[in-house]
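Engineer: how would this look folded up:
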Amino acid sequence: MAAHPVEPVSTRRDLCRILSVSMLARHWPLWILLAVGLILIPLIGDDFGAQWDDLANAKIGAAALRVYIGDRTYFTLPSQADHGPFFFTLSAAGSKVVGVLCPEWRGLDRRHVMNALALLVGLCALYAVCLRFTGRRAAAVATWLFATQPLILGNGFVNQKDAPFMAFFAASVAVGMYAADAWAPPRASRAAGEIESPATTRRRTGVAWAWTILVALILADLWIVGWTRQAAQTMLSRVYSGEVGGWLRGLFLLVATDSYKTPLALYQEKMTTLFLWGCLAFTLASFAFVLWSWCRVSRTIRQATRTCLAGPYPLLILAGVCLGCTISIRQYALLAGGLVGALFLIRARRRSLLPLGLYGLAACLASYATWPFLWGDPVNRFVQSLGRTDAYRDTTVLFRGQVFESGSLPWTYVPQLAGVELTEPAVVLILVGCAILAWRVRTREGNPLEQALLLIWLVLPIIAIRAVGATIYDNLRHVLFLLPPAFVLSGLAVEWIFSRLPSRWLRIVLTAMLLLPGLVAIVRLHPYESSYFNSFAGGLSGAADDYYLDPMCITYREAAGIVNDVAAPNAVVSAEGPHDNVAPFVREDIKVVSSFNRGRAAYLLACKRMLFTDFSEEGFVVRQEITRDGAVLARLLERVETE
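Structural biologist: Numbers count the residues shown, from 1 in each chain. Presented below is the predicted three-dimensional model:
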């Protein structure tokens, strides 16, 4: 097997190189895919229903966003320790922008746009990782194949936790890999006769970055977090009341001669004004100081800017920030940090101490800044959040016709589900790619380190999740982040096949054949692409008795439209799961209650496990079913009064 030439580690990789026009122009298939995605988002973004906990997550995101302006509602929410709110917060802010562009869209549809934009980030990350193992053609085909998976497209719109986590996890690994490449001694070149040693340049660059990070932290506290401001207000209150004496009390009385007849609120208002002016002055002075520290690395401002962007530090900091934000989506992102850290350790060895320190520091700061639950006691609270990974162990899972609890699934759960939820060409290519990777490892072709990391990315999370007892349910929803490395393997298979096809037209025809099953299924199942099962499971109709086809109950949007047409005025409708997700889609006079209160309901919406329940004894009969390919995804049942 012909090995794809691996670019040497010493090749320059920094932001200036990566973002150059010549580099970007070479990857036109990716830009076409992104353009298609940007066109598709406004066309179908308002077609999808609400995921099981969409409304609850939206409330978390809105509350987390308001934390930064002093609101404390977020800290009263019950699920702070389950996972971080980074993407919920980003979605809450971004949906406001989408609302300006599409004012007639619901908040749910606006959030779906943000989910889809995160998926585009994941496509870029997958393509970047593929380039580490294959050529551009194979990487493009693998990325297109990934994007046209019904499972990926459906979750990419409706799943506001796991799909963004998949995208940011892949981005963390991709940026981390390129940051490891970029970690090389900077070129020491100044004006003629003034050449400094690489050690001096590295030391000054490190010092400049240290000052930059420190100043950024101080500015973040002054303008956003507000710890210093709160401490100053608290101290003012204590000095005003006489709790604090000494020189502080004397200084206060010297300035505030009429404090005995002036209320505290007036002094607090004056302090706020002075504090804001002080923050402004400090900000200007700190910018000048940071610029001076970079000018010590390069004599002019232009050279300092170029040194800052062209060196290894920007990618390193960006990789750390990506990791920290991903941890603030799901704690499993620590695995991405482990992969990147191992790459640094093996490549740089003793020289990896500084980059790993900066990488970890940037990740910790990003997680801390984007997860308010950690504020105050970050270490203990993060450890507490890790203990929440085994929550919901009693959730029922239908797998191969048997009902399991989510905490006791068989080890074959993930690979077997991947074999039936991905399209047939993808499954075959991934298996062929596994064989090719094994051959490469055996013959020592390619980069053995990155090949090992690819296998670890694919296998270790499954072992870790099962070892710690983390719960998985709703089919592949929680392990979507394992699919990008699987499609890297499909890229290996595509490249091997392309190398044996001399004709360009044969390669084009093969690519079309690979993409066609996914595209056909997307058109046929829309907007329920996430319910896809391939022919290995007998299609949707064959999988109906073996798996939950719509575990997130996104069919309720269509079912609510049917209720609007048939329900009498002031009717009561019961729905399994979070019934609040149904309320936005029904008429204003219709009341929606949970399935536990269905005794007084005229209509019942059933999905997931309730599809297997007989409600005839309660007086309900099937009024209408929502189907795709002969399989029932949801039912609308109507109560029939008996005499």
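Engineer: all contacts plus neighbour counts: C-alpha atoms, from now on.
Structural biologist: Will do.
Engineer: quick check: can you list the domain ranges of the protein?
Structural biologist: 27-184+319-525, 222-311, 556-639 (automatic domain parsing).
Engineer: tabulate these (a markdown table), appending mean pLDDT, mean neighbour count and distance to residue 550.
Structural biologist: Formatted as a markdown table, these follow (pLDDT from 0 to 100; neighbours: other Cα atoms under 10 Å; distance: least, Cα to Cα, whole Å):
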| stretch | mean pLDDT | mean neighbour count | distance to residue 550 |
| --- | --- | --- | --- |
| domain 27-184+319-525 | 90 | 20 | 8 |
| domain 222-311 | 68 | 15 | 41 |
| domain 556-639 | 90 | 18 | 6 |
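Engineer: next, format these as TSV and append distance to residue 215.
Structural biologist: Listed next are the domains of the chain as TSV, based on distance: least, Cα to Cα, whole Å:
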stretch	distance to residue 215
domain 27-184+319-525	13
domain 222-311	7
domain 556-639	44
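Engineer: so for residue 538, which of those domains sits nearest?
Structural biologist: domain 27-184+319-525 (8.9 Å; Cα to Cα).
Engineer: show me what the helix or strand that contains residue 449 is packed up against.
Structural biologist: Under the criterion of DSSP states H and E, residue 449 resides in helix 448-467. Applying 3 or more Cα pairs under 8 Å, 6 or more residues apart in numbering; DSSP states H and E, one finds that helix 448-467 contacts helix 334-348, helix 424-443, helix 483-498.
Engineer: CA-only coordinates of it in PDB, if you can.
Structural biologist: The C-alpha trace of helix 448-467 is given here as PDB (Å, rounded to 0.1, in the frame of the first residue of the first chain):
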ATOM      1  CA  PRO A 448       3.200   6.100  13.800                       C
ATOM      2  CA  LEU A 449       2.600   8.600  16.600                       C
ATOM      3  CA  GLU A 450      -0.400  10.200  15.000                       C
ATOM      4  CA  GLN A 451      -1.700   6.900  13.900                       C
ATOM      5  CA  ALA A 452      -1.600   5.700  17.500                       C
ATOM      6  CA  LEU A 453      -3.300   8.900  18.700                       C
ATOM      7  CA  LEU A 454      -6.100   8.300  16.100                       C
ATOM      8  CA  LEU A 455      -6.700   4.800  17.500                       C
ATOM      9  CA  ILE A 456      -6.700   6.200  21.000                       C
ATOM     10  CA  TRP A 457      -9.200   8.900  20.100                       C
ATOM     11  CA  LEU A 458     -11.500   6.200  18.700                       C
ATOM     12  CA  VAL A 459     -11.100   3.500  21.300                       C
ATOM     13  CA  LEU A 460     -10.000   5.100  24.600                       C
ATOM     14  CA  PRO A 461     -13.200   7.100  25.200                       C
ATOM     15  CA  ILE A 462     -15.300   4.000  24.800                       C
ATOM     16  CA  ILE A 463     -13.200   2.200  27.400                       C
ATOM     17  CA  ALA A 464     -13.100   5.300  29.700                       C
ATOM     18  CA  ILE A 465     -16.900   5.800  29.500                       C
ATOM     19  CA  ARG A 466     -17.600   2.300  30.400                       C
ATOM     20  CA  ALA A 467     -14.900   2.100  33.100                       C
END
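Engineer: and that helix, how far out from the chain's middle?
Structural biologist: A distance of 19 Å separates the centroid of the chain from that of helix 448-467, by Cα atoms, centre = their mean, to the nearest Å.
Engineer: next, the angle from that helix to helix 483-498.
Structural biologist: 140 degrees (axes from the mean of the first three to the mean of the last three Cα atoms, to 10 degrees).
Engineer: list of residues touching helix 448-467?
Structural biologist: For helix 448-467, the surrounding residues in contact (Cα atoms under 8 Å, 6 or more residues apart in numbering) are 335-336, 339, 343, 411, 414, 437, 441, 471, 482-483, 485-486.
Engineer: residue 530 and residue 474, how far apart?
Structural biologist: Residue 530 sits at a distance of 11 Å from residue 474 (criterion: Cα to Cα, to the nearest Å).
Engineer: all set, thanks.
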